[in-house]
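Trainee: Model the following, please.
(chains A and B)
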2 protein chains.
Amino acid sequence: MDFIVNRKVLLDALSKVSRAVSPKNPIAALIGIQFDFKNDRLILTGSDSDMSIQVTIKENLKINQKGSVVLNSRYILEIVRKMDSEDIHIFIVDGTLTRIEGNNSKFQLNGMSAFDYPRIDFSTEGVHFTIHAFLLKEAIEQTVFATSNKETSPAYTGVNFKFQDNILNLTATDTYRLAKKTIKTDSDALFDIIIPKKSLNELSRIIEKDEVVDVYVSDRKSLFVFDDIYVRSRLVEGTYPDISRLIPQSFNHTLTVDSYKLLNAVSRATLLLDEKDDYITLTMDSENVKVSSYSQSVGSVEENLYDAVFKGDPLKISFKAKYLSDAIRSLNTDKVILLFVGNMRQFIIRSYDQKDNDVDYSMHLILPVRTYN
Amino acid sequence: MDFIVNRKVLLDALSKVSRAVSPKNPIAALIGIQFDFKNDRLILTGSDSDMSIQVTIKENLKINQKGSVVLNSRYILEIVRKMDSEDIHIFIVDGTLTRIEGNNSKFQLNGMSAFDYPRIDFSTEGVHFTIHAFLLKEAIEQTVFATSNKETSPAYTGVNFKFQDNILNLTATDTYRLAKKTIKTDSDALFDIIIPKKSLNELSRIIEKDEVVDVYVSDRKSLFVFDDIYVRSRLVEGTYPDISRLIPQSFNHTLTVDSYKLLNAVSRATLLLDEKDDYITLTMDSENVKVSSYSQSVGSVEENLYDAVFKGDPLKISFKAKYLSDAIRSLNTDKVILLFVGNMRQFIIRSYDQKDNDVDYSMHLILPVRTYN
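Mentor: Model prediction:
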């Protein structure tokens, strides 16, 4: 193996594929990135078994001799990041000992044989649909934070992707709050799968341009293809619980409020609370809307939202502050509306401008707790 | 206690005094900041016993009723930081329960009685001299990083301030490397003290304007006075070892090199090394200067410094990379000179432009290790 490649092109590719690599993987080869060639292209692959990323470099590349090697992900990434030459010369010195050269710098890395690297299936099989990259990125960011960290209920650690009747629904919940994104598309497909949150987080971070993403869903994997990038993820086994009956359809109280003011009020209301005990109370009637919190040992906070508009009978409802802040931030809109059924019933947050028949619909649901003060 | 104060003025004062507060202090009152009044001024005090900071607010202040209270440092700082009103109204509701109000926000904090707060001696006693704030800040930053973390040799955990014959010398060492700053002044004083590193770090962070600092040194404390700020520190007990004989006076080899290029070469040369084992080797003759490193398990690096100018017989010397990077960064100059006696002898780094009779003189010394490769 002997080739010369533009440093920035290689750095960009390594930054992407290394996202799939876990430095503590028990399989030694998976701590590395595989360098390989196919049809005069350099193929870089990173994987942690659950998710795998492959990037192809076809330009700014001069191949002197083909070959393959696996190089430690952290070291090769840092080397290429810190080198200062325009091009980098990479070649095998002996066996898997690899030289990386440019300008005044010479690195030698003990590599691993590509024979020890697992064969990863990036085949474009199964159900196919296309989606705009930024819409996919937004959909992931607006749902993935609501997934659970508890491995005891694997289904909730991923996001449910359900495609039916030209509608793609993304749903995530940790059973205390729920995020749902609905996208109406021209594509037609039928599936109901769960994708692990880690794969989605990394996929979302890799998306930089608003191009078209080809998605392939089979029984065994989901595959996202764009640019010269393949992102492959295993699926979470099992079926996603039907959550549609959890979402109330009619409401008795509504609160319309400036997103930024509500976020700031919630942020101040939680100043005296522990992160894991950040319960706040909304007390609302037609005259006053306030956010409050109380801590026996530290003190109390009261925030008045003078500009908020509340409709309905007076209502007092308590819940975890972080759930509300996460939801408002993810909606990324100037004005939100909170829709309530009653004191101990789950409530909904969505953008004030959201219409039920929007092509792109986003909503959040929070389960309240008993109000003690 | 009942007063109204400008939010930004209070925030600035709280940010400063809270630097002395340790949130885990076993003395409950010291987790707080003391609010007190003296001559129609608000006096804020924070302390961890070792160091204490006092800030006086005399403007943008309306006192309705004097009094005192101790408020948890973290909470009061965060409250004032996150409030959005121009002025803040602070008053005692009952006992030590304190209300903090502004715009739409009302906070109540359970305070502590000022009777439980230790009396801290901020008296301006002992030997007095003055120094420009930015020169003091620079002198601290150019030495304090070389102090030791080992509490077994307390003297080395602080910086030695030695004033004699119109010269102030700051010296810090962890016995493997040494930093020395010499300042020639018009002031006259005579002392030889050790100030704990934590006090100096916080003092340096608080200095924002280049004003004149009044320094008072007594047997028990050092006191730095500027603006409306008093920073008091205990002294480290014991005498500082005489390190003057450690500093070589004549040299057999010199290396002149661009600071930025050397820093980058060192940074790349340590990429494959553990932080605690970051030993690099300088191999120098009149033709070539290179920085190299070797790790049995990972690989090797070789960096050529083509622009460096070496004078003297060929020399190979190994040392901890971090010591060299720390020294170069602290010198903050375009070009450095390294002065060597021989292979296993301590060597010196200083700015290339530095003259022996400069009013403001800075140098660093590093102890080499045996070269294995």
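Trainee: correct me, but A:Tyr352 touches A:Leu338?
Mentor: No: assessed by Cβ atoms under 8 Å, A:Tyr352 is found out of contact with A:Leu338, at 9.9 Å. All C-beta spots, glycine's among them, are computed from the backbone N, C-alpha and C.
Trainee: In contact with the residue at the greatest distance from the centre of chain A, which residues?
Mentor: In terms of distance from the mean C-alpha position of chain A, A:Asp94 ranks first, at 40.9 Å (Cα atoms, centre = their mean). A:Asp94 makes no contacts at all, as judged by Cβ atoms under 8 Å, 6 or more residues apart in numbering or on different chains.
Trainee: Quick check: residues of chain A near chain B?
Mentor: Counting by Cβ under 8 Å from any Cβ of the partner chain, chain A comes close to chain B at A:72, A:75, A:78-79, A:82-84, A:97, A:104-110, A:264-265, A:267-268, A:271-272, A:297-306.
Trainee: what about the closest residue to A:Met1 other than its chain neighbours, which SS state?
Mentor: Using Cβ to Cβ, 6 or more residues apart in numbering or on different chains and skipping the chain neighbours, the partner closest in space to A:Met1 is A:Gly67 (2.9 Å). Under DSSP: H, G, I helix; E, B strand; the rest coil, the three-state class of A:Gly67 is coil.
Trainee: Bridged to the residue of the stretch 151-300 of chain A found nearest chain B, which residues?
Mentor: Relative to chain B, the nearest point of the stretch 151-300 of chain A is A:Gly299 (4.3 Å; Cβ to the nearest Cβ). Counting by DSSP bridges, A:Gly299 is bridged to A:Ser295, B:Leu109.
Trainee: Looks to me like A:Tyr306 is in a helix.
Mentor: No: using three-state DSSP, the assignment for A:Tyr306 is coil, not a helix.
Trainee: Quick check on it: phi, psi?
Mentor: Dihedral pair for A:Tyr306: phi -70, psi -30, per degrees, to the nearest 10.
Trainee: Likewise for A:Val212?
Mentor: The phi/psi pair for A:Val212 (degrees, to the nearest 10) reads phi -90, psi 130.
Trainee: Would you agree it is in contact with A:Leu135?
Mentor: No: between A:Val212 and A:Leu135 there is no contact under Cβ under 8 Å: 10.3 Å.
Trainee: A:Phe91 belongs to a strand?
Mentor: Yes: according to three-state DSSP, A:Phe91 belongs to a strand.
Trainee: Neighbours of it, how many?
Mentor: A:Phe91 sits with 16 neighbouring residues when counted by other Cβ atoms under 10 Å in any protein chain shown.
Trainee: what is the residue lying closest to it once chain neighbours are set aside paired to in the beta sheet?
Mentor: Nearest residue to A:Phe91, sequence neighbours excluded (Cβ to Cβ, 6+ apart): A:Asp2, at 3.8 Å. Here A:Asp2 sits in beta bridges with A:Gln65, A:Phe91, as judged by DSSP bridges.
Trainee: which residues touch A:Asp2?
Mentor: For A:Asp2, the contacting residues are A:Ile63, A:Asn64, A:Gln65, A:Gly67, A:His89, A:Ile90, A:Phe91, A:Ile92, by Cβ under 8 Å, 6+ apart.
Trainee: 7 Å instead?
Mentor: Contacts here follow Cβ atoms under 7 Å, 6 or more residues apart in numbering or on different chains; on that basis A:Asp2 touches A:Asn64, A:Gln65, A:Phe91, A:Ile92.
Trainee: List buried residues within the residues you listed.
Mentor: Buried subset of the contacts of A:Asp2 (neighbour count, 16 or more other Cβ atoms under 10 Å in any protein chain shown): A:Phe91, A:Ile92.
Trainee: I'd like the contacts of A:Asp2 laid out as a markdown table, including pLDDT and distance to A:Ile247.
Mentor: Output for the contacts of A:Asp2, formatted as a markdown table (pLDDT from 0 to 100; distance: Cβ to Cβ, whole Å):
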| residue | pLDDT | distance to A:Ile247 |
| --- | --- | --- |
| A:Asn64 | 97 | 60 |
| A:Gln65 | 97 | 60 |
| A:Phe91 | 98 | 59 |
| A:Ile92 | 97 | 58 |
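Trainee: wait, which of the contacts of A:Asp2 is closest to chain B?
Mentor: Closest approach to chain B among the contacts of A:Asp2 (Cβ to the nearest Cβ): A:Ile92, at 13.0 Å.
Trainee: what about the closest one, distance to A:Ile43?
Mentor: Applying Cβ to Cβ, to the nearest Å, the value for A:Ile92 to A:Ile43 is 16 Å.
Trainee: again with A:Val17
Mentor: Applying Cβ to Cβ, the value for A:Val17 to A:Ile43 is 10 Å.
Trainee: Over to A:Ser330?
Mentor: 35 Å.
Trainee: I'd assumed A:Ile90 was in contact with the residue nearest to A:Met1.
Mentor: No: using Cβ atoms under 7 Å, A:Gly67 is not in contact with A:Ile90, being 10.2 Å away.
Trainee: out of those two, which sits in the busier spot?
Mentor: Neighbour tally, A:Gly67 and A:Ile90, criterion other Cβ under 10 Å: the higher count belongs to A:Ile90, 24 against 16.
Trainee: How about the contacts made by that one?
Mentor: Per Cβ under 7 Å, 6+ apart, neighbours of A:Ile90: A:Phe3, A:Thr98, A:Ile100.
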